[in-house]
Structures are given as structure tokens and as C-alpha cells.
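>>> sharing a model prediction with you, sequence too.
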Amino acid sequence: MEIGKMGFRILLVIVSISVALPLSAQTKTKASKTVKVLSFNVFGGRTTKGDLNFEVVAKVIRDVNPDLVALQEVDYNVNRSRKVDLATELGWRTKLIPIFARAMYYDGGEYGEGVLSRYSFLTTRSVPLPNIEGQEPRTALEVVVELPSRDTIAFVGTHFAHEGPAGRELQAKALNEVFTRNKYPTILAGDLNARPGSKTITILEEFWEPTYNRENPEPTSPSHDPKSKIDYIMFYPKNKWRVVDKEIIVDTYASDHCAYLVTLELLD
């Protein structure tokens, strides 16, 4: 039986689609459901030697090629940082999209959280966290992004009180109350100023799955001789993510904190 030219062309297209689609779909899904997340307390852009060196801070970020970065101790138009917009400065140097959220006014400008993202923002919000009178105000900065797989996720960066556990515990409870209502799988990252096993971390872990080794927590502070685990990445719900890899980035010059890098896979 002969196949006409038109019939042959249609058959060729059908065969091509049936062969190509599964392969391309499989490759795309595998690549796009993995997200590299970094938490980094950038010390206001000041190094451990007391100078301002934005390039050395940016290099720590660039070298690990993250998709999402939670920045703590971010200055905006602050005198001590030469009036720089630090989130935007680091975004420009890393080729990532920046956003800043004020926690408080400070030294002629503003001070708070930053996020850098490989993906454009669908929505953003800054959620003020409760604080004890006389202590520094704190906030949680959330961005919602769409991955190349067309999955939508939320990413929250925060920095808990350093003055004492009572403020941190209030902030942990508030964070649970707000962000466990999210309709999207959510990643939490930041400097929580609390050690594993503390009441603050226990409150969070009622809902959030940690990425650190509970039996042997990887210390993140201080950078010159890490002894304490206070920088974290967690996720919610607990059954939506899988830890692929993690690493403590030690740079004794860029900041007084180590950066914490975790690669996560979003599960179906």
C-alpha cells in the first residue's frame, strides 16, 4: 500500500513528536524542579576587617550559583555603608533580581532583609514580626516565584532577635502562624540566632522540616572559627521537598557568618 506525500509528512510528524516529547519533558522536569538556596548574613556589606568590599560578598554568592538567596543585615541608604542600596548592589554584581524589606530605620537609612532571585517575582510581601519592647524590630520577606517547570513556590528570608530567646520564640510562633497558611510549597531561610534543640527551633520544627544534620549540626558562626549553628534553611510542607545536597561556605573575610547552601528538589 502506498502512502501519499501528505500522508507521509503527517506520519513523520507524529513519529517525531512521540519520540521527542518524552525525552524533552523528562529532561526539563529533572532540571527545573531542583532549586539551589543560599542563606547569607552579609554584615551590612562590611567585611571582618571592617572595610566595605561589596565584590568579595558578591563573589561568595556568584561562586555557588544559587537560584534564591536570603540576605540578612542588609543596609539601604545607611551612612555606615556609604548610602549604598546593598540588595541592588549585590543583585547587579551577581546578575540576580534583588528586593529589600525594611525592618527598621537606622543611621540615616533603613536596615532589614534582602532576597536575590534567578526568577522574576510573582508577588512579594514584608511581614513585620513581633518584638519585645526595646529590642530591634524584625521582619520576614517573602517572594513567590515560578520555576521553569511551571511550579510555583514561596521563599521566605528572615532574621530573628539577637537580644534573647523570648523575642525569638515570639517570632517563631508568628512565622508559623503566617507562612504555614501558604498555598505553595515554601522554603524558609535565615539567621535565626538560635541553636538546634532550643525552644525557638523546636517551635519552628513543629511545622518546618530542617535541612541540617540533627545528630551533628554544621556550625555557621563565627566564620573564622565556626562553633554555633544559627543559620538555617527549612521547608514546608515536609513531604514536598527532598534535600539533594548542602554545604557550609566558609569565607573568613566576606562576613562574620558562613553562608549556608542547600539544594532542594520539589516533589510531585
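Received, thanks. Just so we're clear, the structure is a prediction, and the values are computed from it rather than from any experiment.

>>> which residues of this structure score low on pLDDT?
1-31 (pLDDT under 70).

>>> where do the helices sit along it?
5-32, 54-64, 86-94, 165-179, 199-204 (DSSP state H).

>>> what's next to the second one, contact-wise?
By C-beta atoms under 8 Å, 6 or more residues apart in numbering, the residues outside helix 54-64 that reach it are 36, 38, 40, 42, 45, 47, 69, 84, 86, 89-90, 93-94, 96, 116, 247, 249, 251, 253-255, 259, 261. All C-beta spots, glycine's among them, are computed from the backbone N, C-alpha and C.

>>> cool, the third one as well?
Contacts to helix 86-94, defined as C-beta under 8 Å, 6+ apart, come from residues 42, 44-45, 54-55, 57-58, 61-62, 69, 71, 74-76, 96-100, 114-116.

>>> the same query, at a cut-off of 7 Å, please.
For helix 86-94, contacts defined as C-beta atoms under 7 Å, 6 or more residues apart in numbering pick out 45, 54-55, 57-58, 61-62, 71, 74-76, 97-100, 114, 116.

>>> before we move on, what about the shortest one?
Contacts made with helix 199-204 from outside it, assessed by C-beta under 7 Å, 6+ apart, are listed as 160, 165, 168, 169, 172, 173, 176, 192, 194, 234.

>>> the same query, at a cut-off of 6 Å, please.
168, 169, 172, 173, 194 (C-beta atoms under 6 Å, 6 or more residues apart in numbering).

>>> give me the number of residues near the closest residue to the third one other than its chain neighbours?
On the basis of C-beta to C-beta, 6 or more residues apart in numbering, the spatially nearest residue to residue 172 that is not a chain neighbour turns out to be residue 203, at 4.1 Å. By the measure other C-beta atoms under 10 Å, the count of residues near residue 203 is 19.

>>> and the furthest pair within the contacts of helix 199-204?
173 and 194 (13.0 Å; C-beta to C-beta).

>>> which of the two has more neighbours?
Ranked by neighbour count (other C-beta under 10 Å), residue 173 and residue 194 place residue 194 first, with 25 against 16.

>>> circling back to that earlier point, out of the contacts of helix 86-94, which are buried?
45, 54, 57-58, 61, 71, 74-76, 97-100, 114, 116 (16 or more other C-beta atoms under 10 Å).

>>> would you mind measuring from the closest residue to residue 175 other than its chain neighbours to residue 132?
Nearest non-adjacent residue to residue 175, counting by C-beta to C-beta, 6+ apart: residue 140, 6.0 Å away. Separation of residue 140 from residue 132 (C-beta to C-beta, to the nearest Å): 17 Å.

>>> look at those two and report which has more neighbours.
residue 140 (25 against 14).

>>> just to check, the more buried one is in contact with residue 155?
No - Residue 140 is beyond contact range of residue 155, at 10.7 Å (criterion: C-beta atoms under 6 Å).

>>> just the strands in the protein please.
Per DSSP state E, the chain carries strands over the ranges 34-41, 68-76, 97-106, 109-117, 121-129, 138-146, 152-159, 186-191, 209-210, 231-236, 241-249, 259-266.

>>> most neighbours per residue, which of those?
Neighbour counts (mean count of other C-beta atoms under 10 Å) averaged over each of those peak at strand 68-76, with a mean of 27.

>>> chain center to it, what's the gap?
Distance of strand 68-76 from the chain centroid (C-alpha atoms, centre = their mean, to the nearest Å) equals 10 Å.

>>> now the angle between strand 186-191 and it, please.
For strand 68-76 against strand 186-191, the angle by axes from the mean of the first three to the mean of the last three C-alpha atoms, to 10 degrees is 40 degrees.

>>> what's strand 68-76 packed up against?
strand 34-41, helix 86-94, strand 109-117, strand 152-159, strand 186-191 (3 or more C-beta pairs under 6 Å, 6 or more residues apart in numbering; DSSP states H and E).

>>> of all these, which lies closest to residue 125?
strand 152-159 (9.6 Å).

>>> pairing partners for that closest one, with directions?
strand 138-146 (antiparallel), strand 186-191 (parallel) (DSSP bridges).

>>> could these be laid out in CSV, adding distance to residue 219?
Output for the strands paired with strand 152-159, formatted as CSV (distance: least, C-beta to C-beta, whole Å):
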stretch, distance to residue 219
strand 138-146, 23
strand 186-191, 13
